[in-house]
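1. Model the following, please.
(chains A and B)
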Amino acid sequence: MTVAKPTPSQTVGPFFARELIWNDGGTVLFPGHGDRITLKGRVVDGAGAPVVDALFETWQADASGKLPAGGEGTRPYGYGRVSTGADGGYAIDTVMPGSFRGPGGETYAPQISVTIFARGLLKAVQTRVFLAPLDAIKDDPLARAIGNPERLRTLVATRDPGNPKIYRWDVRLRGDGEAVFIEL
Amino acid sequence: MSGTLADVHPPYLYPEYKSTRLRAPAQPPVRVAPSPLEAAGPTFPKSFVRDSEADLTTWGKSAPLGEKMVLVGRVLDDAGRPVRRSLVEVWQANASGKYPHPVDDHDAPMDPNFLGKGQVLTDDEGRYRVVTIKPGAYPWQNHAFAWRPAHIHLSLFGSAYAQRLITQMFFPGDPLLAIDPIFNSVPEAGRRLLIADLDLEHGVEGVALGYRFDVVLRGPRATPMGV
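-> Okay, the predicted model is just below:
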């Protein structure tokens, strides 16, 4: 039961790099092994211009689809955090997540939960990026909720033809090809 | 629940805050239940945070300039339960309204004794305590005489990734609040929730004023376990 109103969100602003960005924050740790992959791409705005000052965070299951509890040294497992660069680019070096099941038995396709904060975003945008082709994610709960394949395609990372370990995913915040964002 | 969220959270598009015009998504978000992953969240080991990181005034060789203050508060979920051992990160400008950031072009002095970054884990009652200095206001380019009211940024994780929140805390009685589009993007019912209370009890007599800022993190609409 809700007894208290949630604290409103405010923008992360442009000045967080020295405070929130970690050395190697783009290298995601796990207790076990897995196929190392890189998720990379660009964040662009409604005019197609690079978003050069976004805080890009990822949270994902391990290679076997398990929740990554705990951490190593001073880092939590399964969590990545970087800022975008001058070209709007980000890169997350991680493992290929396994698929996993929900409490109702539904199957979640291999995916990474993504949260983006930025100047001009009064609240974060959240979404999930799929690391499997469109025809392999049809039964995923979010894919079902979206329905429209054109919109769903905005959440599907594509394998780099020159390097199968690289998955490319560009995020358009607004306008043509705007990524699907979610409210949990 | 969505009614509650709409009551307090700002919209994505708030044209008076110019940067939202090209960055705000135009499509409404798709509502889905949190995945089992999002109903949990990253575990920050105790060693992630050093005790000294809760005091932003001891980072340099000597004390930073400015009005020393103690910020206390509790992190709660929307049912009023404490959010225990969760990470709270804070960052802020120095007393003259300057960030140590290359794109901060405000012509105000850096303070060699102030970095403006701290972090703390909440205790078993959801409490946190940070010692810092009151940040300064600073101009920005949004409109003529646009000055951000003094504020401290807070980043919170809660106990589920669905609770992830970044917000700003403001000071009571600040006349700049009335002309700040970022603060005023929040529906009126939510604005009060962003303003700290003067809390003398948690200050240090003769040394620092105390302020209280409680943070309420939304619970996921329905957890996958149905609890």
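2. Report whether stretch B:171-186 contacts chain A.
-> Yes: using Cβ under 8 Å from any Cβ of the partner chain, stretch B:171-186 comes into contact with chain A via B:182, B:183, B:185, B:186. Where C-beta positions appear, they are placed from N, C-alpha and C, glycine not excepted.
3. Show me where chain A has its helices.
-> Ranges of helices in chain A, per DSSP state H, are A:17-20, A:141-146, A:149-152.
4. And residue B:130, how far from residue A:78?
-> Using Cβ to Cβ, to the nearest Å, residue B:130 is found at 27 Å from residue A:78.
5. okay, the two: which has more neighbours?
-> The residue with more neighbours, out of residue B:130 and residue A:78, is residue A:78; 31 against 24, by other Cβ atoms under 10 Å in any protein chain shown.
6. My read is that that one contacts residue A:57, right?
-> No: using Cβ atoms under 8 Å as the test, residue A:78 is too far from residue A:57 to be in contact (11.2 Å).
7. By proximity to chain A, which residue of chain B wins?
-> Ranked by Cβ to the nearest Cβ, the top residue of chain B for proximity to chain A is residue B:19, at 3.1 Å.
8. ok, for that residue, nearest residue in space, not its chain neighbours?
-> residue A:120 (3.1 Å; Cβ to Cβ, 6 or more residues apart in numbering or on different chains).
9. who touches that neighbour in this structure?
-> With contact set as Cβ atoms under 8 Å, 6 or more residues apart in numbering or on different chains, residue A:120 has these partners: A:11, A:45, B:17, B:19, B:20, B:21, B:22, B:23, B:24.
10. do that again at 10 Å, thanks
-> By Cβ atoms under 10 Å, 6 or more residues apart in numbering or on different chains, the contact set of residue A:120 is A:11-14, A:45, A:51, A:53-54, A:173-174, B:12-14, B:17-24.
11. Can you tell me the closest non-neighbouring residue to residue 149?
-> Answering for chain A, as no chain was given. residue A:134 (6.5 Å).
12. The intended chain is chain B.
-> residue B:176 (3.7 Å).
13. quick one: contacts for that neighbour?
-> Counted by Cβ under 10 Å, 6+ apart, residue B:176 has contacts B:137, B:145, B:146, B:147, B:148, B:149, B:150, B:151, B:170, B:183.
14. I'd like these as JSON lines, with secondary structure and neighbour count appended.
-> As requested, the contacts of residue B:176 are exported to JSON lines (DSSP: H, G, I helix; E, B strand; the rest coil; neighbours: other Cβ atoms under 10 Å in any protein chain shown):
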{"residue": "B:137", "secondary structure": "coil", "neighbour count": "17"}
{"residue": "B:145", "secondary structure": "coil", "neighbour count": "8"}
{"residue": "B:146", "secondary structure": "coil", "neighbour count": "17"}
{"residue": "B:147", "secondary structure": "strand", "neighbour count": "16"}
{"residue": "B:148", "secondary structure": "strand", "neighbour count": "23"}
{"residue": "B:149", "secondary structure": "coil", "neighbour count": "20"}
{"residue": "B:150", "secondary structure": "coil", "neighbour count": "21"}
{"residue": "B:151", "secondary structure": "strand", "neighbour count": "26"}
{"residue": "B:170", "secondary structure": "strand", "neighbour count": "22"}
{"residue": "B:183", "secondary structure": "helix", "neighbour count": "23"}
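15. Many thanks, I have nothing further to ask.
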